[in-house]
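Asks: Structural data only, the sequence is not supplied:
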């Protein structure tokens, strides 16, 4: 996988939202404003999340890994949102069961195979309660960028 850099401009802290779709809108708009995704990305990622949910109940806190097809992406990036309060996301592989999500990793990958590789690396990160705690409790974007880049480099 080619290296993906995590930009602090794509990290949102203490995000105040009422729903999963509102969280997805805010994060996809951030990626769009920063030039990483096309205008079509927001509706595509929300539609994909409805069909193929990405909520994952982990030991420390729930996470979601929304993503969509490469044709909606200008340049690969990861958007990260740490929510002020967890919101319910439908769990991966389910149709109705939800899990409260506190951290969102929104993937914007320009190639399908790169997305799969990144998902595999993220899955190992998500199994580390200490890492999730550091991310959920971070008070600055640089901490999140450093932790994610370190984890993805392993």
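Replies: That came through fine. Bear in mind that the values here come from a model prediction, so they are computed numbers and not experimental data.

Asks: Now do the strands in the chain.
Replies: Residue ranges of the strands in the chain, as given by DSSP state E, are 11-15, 55-56, 62-64, 77-90, 98-108.

Asks: buried set for the longest one?
Replies: For strand 77-90, a neighbour-count test (16 or more other Cβ atoms under 10 Å) marks 77, 78, 79, 80, 81, 82, 83, 87, 89, 90 as buried. All C-beta spots, glycine's among them, are computed from the backbone N, C-alpha and C.

Asks: Compute the distance from the centre of stretch 47-66 to the centre of its chain.
Replies: In terms of Cα atoms, centre = their mean, to the nearest Å, the centre of stretch 47-66 is found 9 Å from the chain centre.

Asks: Using neighbour counts, pick out the buried residues of that stretch.
Replies: Neighbour count says stretch 47-66 has 48-49, 53-56, 58, 60-66 buried, by 16+ other Cβ under 10 Å.

Asks: where does the protein dip in pLDDT?
Replies: Low-confidence segments of the chain, defined by pLDDT under 70, span residues 1-3, 5, 112, 114-115, 154.

Asks: can you list the residues that contact stretch 66-73?
Replies: Under the criterion Cβ atoms under 8 Å, 6 or more residues apart in numbering, residues 24, 27, 36-38, 40-41, 44-45, 47-49, 54, 104, 106-112, 115, 119 lie in contact with stretch 66-73.

Asks: likewise stretch 40-60?
Replies: 20-21, 24-25, 28-29, 31-32, 62-69, 71-73, 88-95, 98-99, 101, 106, 108, 126-127, 129, 132-133, 136.

Asks: From those residues, which land in helices?
Replies: 20-21, 24-25, 28-29, 31-32, 126, 129, 132-133, 136 (DSSP state H).

Asks: Of all pairs in those residues, which one is the farthest apart?
Replies: Greatest spatial distance among these (Cβ to Cβ): 32 and 129, at 32.4 Å.

Asks: Those two: who's more crowded?
Replies: Set side by side, residue 32 and residue 129 show unequal neighbour counts under other Cβ atoms under 10 Å, the larger going to residue 32 at 19 against 12.
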